[in-house]
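Engineer: The following comprises the amino acid sequence and a computationally predicted model.
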Amino acid sequence: QVQLVESGGGLVQAGGSLRLSCAASGRTFSRHAMGWFRQAPGKEREFVAAIDWSGGSTYYADSVKGRFTISRDNAKNTVYLQMNSLKPEDTAVYYCAAAARPFSIVAIGTKGGYGYWGQGTQVTVSS
């Protein structure tokens, strides 16, 4: 069982930066790929970024590639999302998620690949 708690959201001006953190409980964190998703009002939850269990491979949505960086620290049971050059269209609730199966990246770019979700943290980018 993995429990996830996000933090680091807030209000920032366009062009600014934020770093989100996701702290995980449990002793299996290092076995699970991790992802970040976001959901804007009236829209579907969409994939943002993912990282495999070792941190050796990362994956990004085209809309954030080159601006966002996902990383993890398995010693601290934490995954991060560094967000730079933020745009108003990045405004959303950001969710952290852990892959449903250990040592798997199956469907890592879709909601179906994840079995555990945090409660979300709001990110608002003003123009």
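Structural biologist: On my side now, so go ahead.

Engineer: now that we're looking at the residue nearest the centre of the chain, which residues does it contact?
Structural biologist: In the chain, the C-alpha closest to the average C-alpha coordinate belongs to W36, at a distance of 2.0 Å (CA atoms, centre = their mean). By CB atoms under 8 Å, 6 or more residues apart in numbering, the contact list for W36 reads L20, C22, V48, A49, A50, I70, V79, L81, Y94, Y95, C96, A97. C-beta coordinates here come from the backbone N, C-alpha and C atoms, glycine included.

Engineer: Compare those and tell me which is most surrounded.
Structural biologist: In terms of neighbours by other CB atoms under 10 Å, these top out with V79 at 30 neighbours.

Engineer: just the strands in this structure please.
Structural biologist: If you assign secondary structure with DSSP state E, the strands in the chain sit at 4-7, 10-13, 18-24, 34-39, 46-51, 58-60, 68-73, 78-83, 92-99, 114-117, 121-126.

Engineer: how about CSV for those strands, with mean pLDDT and distance to I105 added?
Structural biologist: Compiled in CSV, the strands of the chain are given as follows (pLDDT from 0 to 100; distance: least, CB to CB, whole Å):
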stretch, mean pLDDT, distance to I105
strand 4-7, 97, 18
strand 10-13, 98, 30
strand 18-24, 98, 17
strand 34-39, 98, 10
strand 46-51, 98, 8
strand 58-60, 98, 8
strand 68-73, 98, 13
strand 78-83, 98, 14
strand 92-99, 97, 7
strand 114-117, 95, 11
strand 121-126, 98, 24
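
Engineer: Which of those sits closest to I108?
Structural biologist: Shortest distance between I108 and the strands of the chain, using CB to CB, is found for strand 46-51: 4.7 Å.

Engineer: Contacts for the closest one, please.
Structural biologist: Looking at strand 46-51 with CB under 8 Å, 6+ apart, the contacting residues turn out to be 33-39, 57-61, 64, 68-72, 79, 81, 94, 105, 108-111.

Engineer: switch the cut-off to 10 Å
Structural biologist: Under the contact criterion CB atoms under 10 Å, 6 or more residues apart in numbering, strand 46-51 has outside partners 20, 33-40, 57-61, 63-65, 68-72, 79-83, 90, 92, 94-95, 97, 99, 105, 108-111, 113-114.
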